[in-house]
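sequence and predicted structure are below.
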Amino acid sequence: MNVGVCKLTLRLPENQDLKGKRRVISSLSSRIRNKFNVSVAEVSDNDSWQSAVLGITCVSNSLKHTDEVLNRVVDFIESSRDDLEIVGIELETLTGF
C-alpha cells in the first residue's frame, strides 16, 4: 500500500474576510474530492483570511498512480482558480504498510 501526502500552502490575495475564504476553500475542496477521489482538509492557517494550508491524501497500490494523482490535483488547482495562488508544495509518499 502506498500513501501520498501533499501539503499545499495557498495565498488568496483578493479575499477580504474569513467568510469569503471559507467559501473558496470549501468549493475547491469539494471539486477536488469529486474529481480525484482523494481526501482534502484545511490543516493550518484557519483564522488567516488570505492564506490557507490544505492537506491532500491519496491511497493506492501503485506508487506511480499515487504520484500521478497528486500531481494532477496540483495542476488542477493551478489552472482552475484565478483568485488564489500556490506558494508552497510539499509532496511525500509513504510505502510498505
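Received the coordinates, thanks. Residues are numbered from 1 along each chain as shown.

what lies in contact with stretch 5-22?
Where contact means C-beta atoms under 8 Å, 6 or more residues apart in numbering, the residues beyond stretch 5-22 that reach it are 24, 43, 47-57, 70, 73-74, 77, 83-94. Placement of C-beta: from N, CA and C, glycine included.

make a PyMOL selection of whichever of those turn out to be buried.
The buried residues among the contacts of stretch 5-22 can be selected in PyMOL (16 or more other C-beta atoms under 10 Å) with this line:
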select buried, resi 24+50+51+52+53+54+56+57+70+73+77+84
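
next step: the contacts of stretch 5-22 restricted to strands.
Helix and strand membership here follows DSSP state E; of the contacts of stretch 5-22, those in strands are 43, 51-57, 85-94.

for residue 11, the count of nearby residues, please.
Each residue near residue 11 was counted by other C-beta atoms under 10 Å, and the total is 15.

so what pLDDT did it get?
Per-residue pLDDT puts residue 11 at 93.

with residue 64 instead?
Model confidence at residue 64, given as pLDDT, is 93.

and it, how many neighbours does it have?
With neighbours defined by other C-beta under 10 Å, the count for residue 64 comes to 9.

gap between it and residue 19?
Distance, residue 64 to residue 19, by C-beta to C-beta, to the nearest Å: 40 Å.

one more: residue 96?
Residue 96 sits 43 Å away from residue 19, taking C-beta to C-beta as the criterion.

ok, these two, which is more surrounded?
Shown here are residue 96 and residue 19; by other C-beta under 10 Å, residue 19 has more neighbours (9 against 6).

and the more buried one, backbone torsions?
For residue 19, the backbone dihedrals (degrees, to the nearest 10) come out as phi -60, psi -40.

got the buried residues for stretch 10-17?
If you call a residue buried by 16+ other C-beta under 10 Å, then stretch 10-17 has these buried ones: 10, 12, 15.

ugh, typo on my part, it should be stretch 59-71
The neighbour-count check on stretch 59-71 (16+ other C-beta under 10 Å) flags 60, 66, 67, 69, 70 as buried.

cool, thanks, signing off.
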